[in-house]
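Engineer: what would the 3D arrangement of this be:
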Amino acid sequence: KAQPRPPGAPALVAIIIDDVGLSRAQTLPVIGLAPQIAMAFLPYGEVAPELAVRAHQQGHDIMLHMPMQ
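Structural biologist: Below is the predicted model:
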């Protein structure tokens, strides 16, 4: 269960880059960003599995962007 932040505690921000993994050329620069930035990979990208592993190796948190249609 999430606990409220104590008064005066610094705010927390999550940054997630969404819709990555469809293009190697567009995803590689994102993988080069700071490892504190998470990435949400689309599962149907041909190179998505390879790039997700690479991003994880670089220290990024990996998420699945699963379209729910």
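Engineer: for residue 41, which non-adjacent residue is closest in space?
Structural biologist: The shortest distance from residue 41 to any residue that is not its chain neighbour, by C-beta to C-beta, 6 or more residues apart in numbering, is 3.9 Å, and that residue is residue 21. Glycine gets a C-beta too; all of them are placed from N, C-alpha and C.
Engineer: as a check, name the ranges of all strands in this protein.
Structural biologist: The residue ranges that make up the strands of the chain, judged by DSSP state E, are 16-20, 38-41, 62-64.
Engineer: longest helix in this protein, please.
Structural biologist: For the chain, the helix with the greatest residue count under DSSP state H is helix 48-57.
Engineer: would you mark the buried spots in it?
Structural biologist: Using 16 or more other C-beta atoms under 10 Å as the burial criterion, the residues of helix 48-57 that qualify are 48, 51-52, 55.
Engineer: redo those as JSON lines? Include distance to residue 27 and pLDDT.
Structural biologist: As requested, the buried residues of helix 48-57 are arranged in JSON lines below (distance: C-beta to C-beta, whole Å; pLDDT from 0 to 100):
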{"residue": "48", "distance to residue 27": "8", "pLDDT": "96"}
{"residue": "51", "distance to residue 27": "5", "pLDDT": "97"}
{"residue": "52", "distance to residue 27": "9", "pLDDT": "97"}
{"residue": "55", "distance to residue 27": "8", "pLDDT": "98"}
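Engineer: any low-confidence regions in this structure?
Structural biologist: When the per-residue scores of the chain are filtered using pLDDT under 70, the ranges that remain are 1-2.
Engineer: would you indicate which residues of stretch 36-44 are buried?
Structural biologist: Under 16+ other C-beta under 10 Å, the buried positions of stretch 36-44 are 37, 39-41.
Engineer: that stretch: how far from the chain's middle?
Structural biologist: Remark: stretch 36-44 is offset 4 Å from the chain centroid, using C-alpha atoms, centre = their mean, to the nearest Å.
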